[in-house]
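**Student:** next come a sequence and a model predicted from it.
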Amino acid sequence: MSTTSLTLPPREVEWSPSRGRVGMGALIAAEAAIFTIFVVAYLFYVGKSLSGPMPREVLSPPIFFTVCLLSSSLTIHFAARALRRGNVRSFGAWWLLTITLGGLFLYGTASEWHRLIYEKGLTISTNLFGTTYYSLVGLHGFHVVVGLVCLSTVMAFTLFGEVKQAHAERIDVLSLYWHFVDAVWIVVFAVVYVIGR
Amino acid sequence: MSRLVVWICGSGAAFADAAQPLSPTNIFAPASTPAKSIFGLSLLVLAVTGAIFLIVFSLLLYSVVKFRKRKSDDGREPPQVYGSNQVELAWTVIPVLIVLALFMATARVIASVQGIARSDNAIEVIAIGHQFWWEYRYPALGVVTANELHVPVSDDNHPTPTSITLLSADTDHSFWVPRLAGKTDLIPNHPNSMWFDPHQVGVYLGQCAQYCGTQHAKMLLRVYVQPRDEFDRWVHEQSQPSQIGDNTSAGERIFESTACINCHTVAGTVAHGRFGPDLTHLMSRETIAAGAAPNTPENLRLWIRKPDAIKPGSLMPAMQLNEQELDALTAYLETLR
Amino acid sequence: MSTESIAWPSATAESRSFVDRLHDWIATVDHKRLGLLYIAYALVFLLIGGIEAILMRIQLIRPHNNFVSPQVFNRLFTMHGTTMIFFVVMPVMFGFANYLVPLMIGARDMAFPRLNAFSFWMTAFGGLLLYFSLVGANGLYGAGNAPDVGWFAYAPLTSQTFSLGHSTDFWTLALLVSGFGSIGTAINIIATILCMRCSGMTLSKMPLFAWLNLIMAGLVILAVSPLTAAQIMLLIDRYLGGHFFDTQAGGSAVIWMHFFWVFGHPEVYVLVIPAFAFASEIIPVFSRKPIFGYPVMVGATVAIGFISMSVWAHHMFTVGMSPAANTFFVISTMAIAVPTGIKIFNWLATMWGGKIEFKTPMLFCIAFLFQFLIAGLTGVMQAAAPFDWQLGNSYFVVAHFHYVIVGGILFTLFAAFYYWFPKMSGKMYSETLGKLHFWLFLIGFHLTFDFMHIPGLLGMPRRIYTYEPGRGWDTWNFIVTIGVFFQAAGILVFLGNLLWSYFRGKSAGSDPWDAWTLEWSTNSPPPAYNFYTIPTVQSRRPLWDLKHPDDPDWKYE
C-alpha cells in the first residue's frame, strides 16, 4: 500500500447550535407572527366600535397580575440555572413558584373577564372592541395555559425524581417558550391597556 | 418620453380601431380617458417586457443549441466556471434601472387616474352592488334605476365625465367596463369612487369582476353613452313616477298584494322595497336580470315563474303564481315604461 | 485471512407480512419514508385537482354551456385552488425536502423525526377533512357541501349570512390543521439544516437545494401564521358572534384581504423557491458545470424572501387603496423582479459554455426557464397598478399564475421526479416515456395557458361558470380546453412510467447522472441509516472532489 499526501484546506469550525433551541426559536417566530396579526387587528379597530362599552370605560390595567407573570420569567430563569448547577431541589422549588405565578396570572385574567362580562356587559360579540380584546387576550391566555400544562408535566416528573442535571438543556428550551409568553404579554399590555385606551 | 408615449398611443389607437371587432370588452380599445391612460402605460410595459423576453429567449435558444453535447464529444468536462462579479453587477444594475423607469411611468398614471379631483360638471352616480344586480342612483337628478347605466358622452373641449361612488349592500363586487376604465371594487363599509368620460356614443359592456356568489357570472354591466340631449330626456323620463294605464289592473293588484312589494319599488305606488331592482321604468331597459336575458314579455314571464331557468341561484324567488296570474302580472309590468 | 461463519437467526430471513409492512409505513419516523408518503399523497391530490380542472374547462368550452351547474362550478374552482396549493404543491415540496435535505447535508435523519411524522399526518388529515365536506357539510339549513367561496375566501362572503351550512368551516379547519403540519415541517427543516450538517459543511458549502429549502422554511414560519390568525378570526366571527370582518358592525372586509395576502403572497414563494432549488441542482449536472454565482444565488433568494413579505397588496390594487399605498406596492413588486431575474440569468450562465445533455430532467428544466421568464414578465405587467386595474381578476391573472405554478413549478417538479427517481427507487425510468410525457405536456401546457391570456385581455373575468357569446372569448376558451387533454395524457404517461419503471426498470446504481452532491454517494435507495459513515466535505461538490482529486473544487471556491 502506498500513501499520497493530500493537502486539505484548514477545517473550518462550524457553528452548531442545539436543535432544541433552533426548533423552539422557529416556533416562537411562527407564534410571534400569529400574535402580530391579532395585534394589528386590535390597533386597526381602536376607536372604530359603533357602539357599546369603550376601553376607557371598562378596562383597568391588571398591574398585580402582570407583575406576577413577569416575575415568573425571573423564577424560571433561576430554576433553569439551579438545574444546570445540579441542584434539583432548588430547581423544583423555583419551578413550582413559576407555575404558581403563572396560575395567578390566569386567575387574574379570568376574574377580569368575569367582571367585564357580568358587570360591564362586554362580550366577544358586543362590539369591535369586545371582539378584538377577548381574541387577543384570550390567545395569549391560551398560550399561558399550554405553557402551564408543559410546566406542570415537568413538575410531575420532578416530583417523581425523574428530572436530572442532564435535562438542563431541555429545561432551557422550554423556558424559552415561557419567556416568549411573557414578552407577548408586555406587548399585549401596552397595546390594550396603554395605547388602545 | 411623453412624445414616445404619444406616438405609441397614436399607433395604439389605430390598432384599437382594428381591434374593435375583436371584442366589445377589449382593454386595448379604450374609449375614455382612464382607459386610454392605462392603454398608454400598457404599451410601454409591453414594449419593455417584450424586449426583455426577446433578449433572454434568444440567449436561451443560443445556449441550448451552441452548448449541447455533441456526438463527437471527447468526454471531458467543460471549463468549470464558478461565477463573475462583473457580469453579476451588470445584470443587477440594468434591471434596477429598467424597474425605476417603469415605476416612474406607473406612478404618473396612478396619480392621473386616481388622484384626480372631481370635476364640477360631472354626472354623479351612486352605484350599489347587490347579489347579483346593480343599483344606480343619481342623487342630483332624482333618478333611481338598475342594471343599465346611462351617461352623457363627453367632449374633450367641454368634458362631462361621470363620477361613480361605489358601495355594496352585501358582499364584494367589482365594476368593470374595460373600454371605459379599469375595474374598481364595491366593498361594504368601504366606499370607493371611479370616473370615466366616454368619447364615443354607444353601449359599453362589462360585468362584475369580483366573485360575489352563485350568480357572479351573470351580473352583467351595460353602460349607455348618449348624446347630451338624449341623456337629458332619459333623465326626465326616469325621474317621473310610473305611468300606469289602469290603476286597478289585475296585474297591479297581484303585484301589490304579493311579496313583490317587499323587494321592489314602483314609484307612485305602495311598492317601496329596496332589496331588488327598482321597477318603475322596467320597460325602458333592454335586458332583465342584470343582463342575463333580453327584456321580452316571454322572458319576463319566465323570470317571475321560475328565475332559476334564467339565473339559477339568483335571489329572486319563484313566485308560485298560476298561469292567469302570471299573464296579468306580466301585462302590468309591461306598462311600467 | 481467516473465515468465520455466523449463524443468523432465521427470523430475519422471513419477509414481513403485509400488515407489518403497512404498519412500518404508517408508524414511520424515517425522513425518506415520510418524504415518499408526502409525495404519494400529493400525486393522489394532483389527480383529483386535475379532474376538477378538466370539469371546469369542459363547462367553459363554449358559452352558456350546461355541463355543470353554477353551484358545482363555484365549488370546483374553490376546491381546485385549495387542493393544488395546500394538498399538492406544498406536500410534494415538503416531501422532497424531507427526503433529500438530510442526505445532502450528510445527516442520518431530520432534527425531529417524530415531529416530522406528526406534521405529515396533520397535513394528510387536513386534506381528508377538506374533501369530507362533500358529504359532511350540510348544516342546519341543508345548505352545505364543498366550499364555494374561492380559495382566498373573501369576507363577507364567508360570513354566516352568505355562507350557510358548514362548507366554509371545512375550508377553514382543513387549512388550519394542515397549517400546523406545515409549520412543524418548517421548524424541522430549519433545525436540521442549522444543526445537523456534516463536518466541513459550513453554510456556504451547503448545496443550494438546502439553502433554498431553508429560506422556504423561514417563509413558511412567517407566512402561514397570518393565515392561521385570519382563520381563527373567521371562526370567531362565524361562531362566537365576533365582528372582525362584519361590515355591519364597523368591521372591515378589506382587512381580511390584507391578512390573507400577507400569507398568500409569501406562500407563492414558498411554492416556487423549492422549484428554484430543483433547477439549481439539475441544470448544473446536465450542463456539466457548477452553478454560476452560488453566493449571488443565495443572496438573491434571501432578498426574494424578504421582499416577498412586502408586496402582498398587489393582489388588492382594485380595492380602493390610496394612490400612495398603490404606488408603494408597485415599487416593491417591481423590485422583486430584480433578484428573480438575476436567478434566471445565473441559470443561463450555468448552461453557457457547458455540455448540455437533453435527458428528461433537463428538458423540463429548459422549458421551466422559458416559461418562468414569461411568467415573471406577465407579473411585471401586472405590477404596473393601472394596467392591473384592467388585468386584475381576469383570465390574464389566471393565465399568469398557472404559468408560474404549472409552467414553472410543475415542470421543475417533473424534472425532480425524473432526476431523483433512480435514487429513491433504485431503478431507472424509461427515457422514451419521459420524453413522450415532456412533449405531450409541453404542447398541452402551451395550448391552454398561452391562449388563456387572450380572453383576459378581452375582458373575461375569472370565477365565472359561463360567459356571454359575442364577447370574442369563444374560440380562445375552446383552445384552452383542448390543451387540458394533452396535459392529462402527459400525466398518465408520467404515472405509467413511474409505475412501470419501479417494477421493471433497470437497476440505476448509486450515481447514474455522474452528479456531485452527497445523496449520490450512497446506495439507491439509501439504507435506513443513509450513510455507512458520516462524510466530511471540503467543498460545495464533494463528489466532484472525489472524482477529480487533481482538480478539486475547494481549490477554487
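**Tutor:** Arrived safely, thanks for sending.
**Student:** buried residues of the helix or strand bottoming out on mean pLDDT in chain A, list them for me.
**Tutor:** Scoring the helices and strands of chain A by mean pLDDT, DSSP states H and E places helix A:55-58 at the bottom, with a mean of 93. The neighbour-count check on helix A:55-58 (16 or more other Cβ atoms under 10 Å in any protein chain shown) flags A:55, A:58 as buried. The way it works is simple: take the backbone N, C-alpha and C, and place the C-beta from them, glycine included.
**Student:** ok now that helix, how far from the chain's centre?
**Tutor:** Mean C-alpha position of helix A:55-58 versus that of the full chain (Cα atoms, centre = their mean, to the nearest Å) differs by 26 Å.
**Student:** name the helices or strands packed onto the next helix or strand after that helix?
**Tutor:** Downstream of helix A:55-58, the first helix or strand assigned by DSSP states H and E is helix A:63-84. Applying 3 or more Cβ pairs under 8 Å, 6 or more residues apart in numbering or on different chains; DSSP states H and E, one finds that helix A:63-84 makes contact with helix A:88-118, helix A:168-189.
**Student:** picking up where we left off before, near chain C, anything from the least confident helix or strand of chain A?
**Tutor:** No: on the criterion Cβ under 8 Å from any Cβ of the partner chain, helix A:55-58 is out of touch with chain C, staying 14.9 Å away.
**Student:** so what's residue C:170 up against?
**Tutor:** C:129-130, C:132-133, C:136-137, C:146-147 (Cβ atoms under 8 Å, 6 or more residues apart in numbering or on different chains).
**Student:** what's the helix or strand for it?
**Tutor:** Short version: residue C:170 belongs to helix C:167-195, going by DSSP H and E.
**Student:** ok, back up a step: so what touches the least confident helix or strand of chain A?
**Tutor:** Under Cβ under 8 Å, 6+ apart, the answer for helix A:55-58 is A:46, A:116, A:120, A:122, A:129, A:133, A:192, A:196-197.
**Student:** so residue C:426 makes contact with residue C:525?
**Tutor:** Yes: Residue C:426 is in contact with residue C:525 according to Cβ atoms under 8 Å; the separation is 5.1 Å.
**Student:** shouldn't residue A:112 be in contact with residue A:61?
**Tutor:** No: with contact defined as Cβ under 8 Å, residue A:112 does not count as touching residue A:61 (10.0 Å).
**Student:** spatially nearest residue to the spatially most central residue of chain C, not counting backbone neighbours?
**Tutor:** Nearest residue to the geometric centre of chain C (Cα atoms, centre = their mean): residue C:89, 3.0 Å. Sequence neighbours aside, residue C:271 is the residue nearest to residue C:89 in space, at 4.9 Å (criterion: Cβ to Cβ, 6 or more residues apart in numbering or on different chains).
**Student:** relative to chain B, how far out is the one you found?
**Tutor:** For residue C:271, the distance to chain B (Cβ to the nearest Cβ, to the nearest Å) stands at 22 Å.
**Student:** what about that residue, which helix or strand?
**Tutor:** Assignment of secondary structure by DSSP H and E places residue C:271 within helix C:253-287.
**Student:** need the helices for the stretch 1-150 of chain B, in chain order.
**Tutor:** Secondary structure of the stretch 1-150 of chain B by DSSP state H, counting those that start in this stretch: the helices cover B:2-19, B:33-66, B:85-114.
**Student:** ignore what I typed, I meant the stretch 51-200 of chain C.
**Tutor:** If DSSP H, counting those that start in this stretch is used as the criterion, the helices of the stretch 51-200 of chain C fall at C:70-82, C:90-104, C:113-136, C:167-195.
**Student:** wait, residue C:521 sits on residue C:531?
**Tutor:** Yes: applying Cβ under 8 Å, one finds residue C:521 in contact with residue C:531, separated by 7.4 Å.
**Student:** tell me how many other residues surround residue C:432.
**Tutor:** Other residues lying near residue C:432 total 10 when counted by other Cβ atoms under 10 Å in any protein chain shown.
**Student:** the helix or strand where it lies packs against which elements?
**Tutor:** Residue C:432 is located in helix C:431-451, with elements delineated by DSSP H and E. Contacts defined by 3+ Cβ pairs under 8 Å, 6+ apart place helix C:431-451 against helix C:360-383, helix C:395-402, helix C:411-425, helix C:474-504.
**Student:** just the terminal-to-terminal distance for stretch C:351-368.
**Tutor:** End-to-end distance for stretch C:351-368, by Cα to Cα, to the nearest Å: 14 Å.
**Student:** hmm, it in reach of chain B?
**Tutor:** Yes: applying Cβ under 8 Å from any Cβ, one finds stretch C:351-368 touching chain B at C:351-358, C:366.
**Student:** who wins on neighbours among these?
**Tutor:** Busiest of these [other Cβ under 10 Å] is residue C:351, holding 28 neighbours.
**Student:** any regions of the stretch 251-400 of chain C where pLDDT drops low?
**Tutor:** Judged by pLDDT under 70, the stretch 251-400 of chain C has no weakly predicted residues.
**Student:** of all residues in it, which one is closest to chain B?
**Tutor:** residue C:389 (2.4 Å; Cβ to the nearest Cβ).
**Student:** hmm, back to that, ranking the helices and strands packed on helix C:431-451 by burial, who's on top?
**Tutor:** helix C:411-425 (a mean of 25; mean count of other Cβ atoms under 10 Å in any protein chain shown).
**Student:** let's test this: mean pLDDT of that one, rounded?
**Tutor:** Here helix C:411-425 scores 98 as its mean pLDDT.
**Student:** got the angle for it vs helix C:360-383?
**Tutor:** Between the axes of helix C:411-425 and helix C:360-383, defined by axes from the mean of the first three to the mean of the last three Cα atoms, to 10 degrees, the angle is 150 degrees.
**Student:** name the SS class of the residue in the stretch 201-337 of chain B that chain C sits nearest to, please.
**Tutor:** Residue nearest to chain C within the stretch 201-337 of chain B (Cβ to the nearest Cβ): residue B:217, separated by 3.5 Å. Look at residue B:217: counting by DSSP: H, G, I helix; E, B strand; the rest coil, its state is helix.
**Student:** which residues does residue A:149 contact?
**Tutor:** Applying Cβ under 8 Å, 6+ apart to residue A:149 gives no contacts.
**Student:** need the pLDDT of it.
**Tutor:** You'll see residue A:149 listed with a pLDDT of 98.
**Student:** list the contacts of the closest residue in space to residue C:53 that isn't next to it in sequence.
**Tutor:** Leaving aside its sequence neighbours, residue C:53 sits nearest to residue C:80 (Cβ to Cβ, 6+ apart; 5.6 Å). Shown in contact with residue C:80 (Cβ under 8 Å, 6+ apart): C:49, C:52-53, C:56, C:151.
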